[in-house]
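Asks: sequence unknown, structure follows:
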């Protein structure tokens, strides 16, 4: 399985969108500061994810979620989040 995930920084409230084949391991890497793009934004919360059987589909969905339309979708989807 491949996962597209969205993390929210508790520090600055910003979101990070990524994809991985091992969601638990990747989330742990983010929160331990091993990912350069998020290491200064710790701690992070996993607020959304989607699973796919295809890496290509997951990559396509990741790109979509990084667009303006994708950000609107995420905002609506996570409006009752922490």
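Replies: Received the coordinates, thanks. Predicted, not measured: the structure shown is a model, and the values here were computed from it.
Asks: contacts, neighbours, all on C-alpha from now
Replies: OK.
Asks: From the chain's centroid, how far away is stretch 34-52?
Replies: 5 Å (C-alpha atoms, centre = their mean, to the nearest Å).
Asks: Can you pull out the residues in contact with it?
Replies: 1-12, 16, 27, 29-33, 58, 78, 81 (C-alpha atoms under 8 Å, 6 or more residues apart in numbering).
Asks: Can you tell me which of these are buried?
Replies: 2-9, 16, 27, 30-31, 58 (16 or more other C-alpha atoms under 10 Å).
Asks: Make TSV from those residues and add pLDDT and distance to residue 68 to it.
Replies: What follows is those, written out as TSV (pLDDT from 0 to 100; distance: C-alpha to C-alpha, whole Å):
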residue	pLDDT	distance to residue 68
2	98	23
3	98	20
4	98	17
5	97	17
6	96	15
7	96	17
8	94	17
9	94	19
16	96	14
27	97	24
30	97	24
31	95	26
58	97	18
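Asks: With distance to residue 64 and secondary structure added, can I get these in a markdown table?
Replies: Formatted as a markdown table, the buried ones among the contacts of stretch 34-52 follow (distance: C-alpha to C-alpha, whole Å; DSSP: H, G, I helix; E, B strand; the rest coil):
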| residue | distance to residue 64 | secondary structure |
| --- | --- | --- |
| 2 | 16 | strand |
| 3 | 14 | strand |
| 4 | 11 | strand |
| 5 | 12 | strand |
| 6 | 12 | strand |
| 7 | 16 | strand |
| 8 | 18 | strand |
| 9 | 20 | strand |
| 16 | 13 | strand |
| 27 | 21 | helix |
| 30 | 22 | helix |
| 31 | 24 | helix |
| 58 | 10 | helix |
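Asks: how far away is the residue lying closest to residue 66 once chain neighbours are set aside from residue 36?
Replies: Counting by C-alpha to C-alpha, 6 or more residues apart in numbering, residue 66 lies nearest to residue 17, which is 7.0 Å off, once chain neighbours are set aside. Per C-alpha to C-alpha, to the nearest Å, residue 17 is found 14 Å from residue 36.
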